[in-house]
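Asker: This is the structure alone, sequence omitted:
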């Protein structure tokens, strides 16, 4: 979640400089690959989307990678793109890296409009379908999850309740009724007829259930989604649906899958600007999480800590109510990583709150 210091950013190369796509503008970032940028109603205020010229199922058009959230502003920008930026061609396939609302929010709307099938992993599609039928019991489970980890009655818990009442469907009004599963080890062909390029899926865990990035080994191009971002570390949290998850370990293991990308790989991330030096960025992200694990462990050596009170130790800054829930989830993820390593014990107190304290040695 935190932005690296400028010295870390200076270790990356931004071939397009400070240039960003204007609203409803596309920028060509590689032959037949175009960058589109959409607004988001969050502190993270944008998402990058990618149009790739394609011939798919006998139709000439575009494969779209991620869609943006379903908001009035985003739909209006897409209408402008449909009218003036697609060279008169349809979108023939929608490929979503994962099921978070900013990535899949308009997949059904676009898919139905153009008869474009959805491609994504089974884990992501299934999770999206599950979230789309979230009920009152899910809201209560979410509240109980935050209370178990130290959030007391007051503004923060009220904020959790308010956001729980505005579910996934507020930004993803409908999920496509079917999809084509992306399988680890396959090659996805994208390109014009006679000029196809093979993209290898790189599966990733921790940020979402079964995130899919795409790597073109021939041209050294990478759609990195949310797994490898140039300026921020993607959120890695424990949620109520999987309360004993170990997402920091899963995420760090997943990052190592990018180490076999070519040194000059050009990455197209979901947030931030296209960049080179993926290997260095992966190392930075791993170093960041190792550092945070050490800081959290030291705090647990001083006294038993629950996740909510560990947030200031982990991040050393304040958050608004929405960001606080992500910060607690990510702090808990680091506590769980230490717990699974045997470096802390996890105990439920008489007050119903889970606290973590350092052990004498790893088990």
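Answerer: Okay, I see it. Values in this document were obtained by computation on a predicted structure and should not be read as measured data.
Asker: residues making contact with stretch 100-115?
Answerer: 40, 42, 47, 61, 64, 66-71, 74-75, 78, 90-92, 94, 96-98, 116-118, 120, 124, 128, 168, 171-176, 208, 225-226, 270 (Cβ atoms under 8 Å, 6 or more residues apart in numbering). All C-beta spots, glycine's among them, are computed from the backbone N, C-alpha and C.
Asker: rerun that using 6 Å as the cut-off
Answerer: 40, 47, 66-70, 90-91, 94, 96-97, 118, 128, 171-172, 174, 176 (Cβ atoms under 6 Å, 6 or more residues apart in numbering).
Asker: which among those end up buried?
Answerer: For the contacts of stretch 100-115, a burial check counting by 16 or more other Cβ atoms under 10 Å picks out 40, 47, 66-70, 90-91, 94, 96-97, 118, 128, 171-172, 176.
Asker: which one is the most centrally placed residue in the chain nearest to, not counting chain neighbours?
Answerer: Centroid check for the chain by Cα atoms, centre = their mean gives residue 226 as the closest residue, at 3.8 Å. Excluding the flanking residues, the one nearest residue 226 by Cβ to Cβ, 6 or more residues apart in numbering is residue 234, at 4.6 Å.
Asker: Over to that neighbour. Which of the three states is it?
Answerer: With DSSP: H, G, I helix; E, B strand; the rest coil as the basis, residue 234 sits in coil.
Asker: Check the gap between it and residue 178 for me.
Answerer: 28 Å (Cβ to Cβ, to the nearest Å).
Asker: which of those two has more neighbours?
Answerer: Shown here are residue 234 and residue 178; by other Cβ atoms under 10 Å, residue 234 has more neighbours (22 against 9).
Asker: now that one: how far from residue 308?
Answerer: 21 Å.
Asker: What of residue 137?
Answerer: 23 Å.
Asker: Looking at these two, which is more packed in?
Answerer: residue 308 (20 against 8).
Asker: who are the neighbours in contact with the more buried one?
Answerer: 149, 150, 151, 328 are the contacts of residue 308 under Cβ under 6 Å, 6+ apart.
Asker: Got phi/psi on residue 273?
Answerer: phi -110, psi 150 (degrees, to the nearest 10).
Asker: Tell me the pLDDT of it.
Answerer: Looking at residue 273, its pLDDT stands at 97.
Asker: for it, what are its contacts?
Answerer: Contacts of residue 273 by Cβ under 6 Å, 6+ apart are residue 14.
Asker: mind redoing it with 7 Å?
Answerer: Contacts for residue 273 were tallied using Cβ atoms under 7 Å, 6 or more residues apart in numbering; they are 14, 16, 230.
Asker: any idea how far residue 230 is from it?
Answerer: Distance from residue 273 to residue 230, by Cβ to Cβ: 6 Å.
Asker: Contact partners for residue 45?
Answerer: residue 39.
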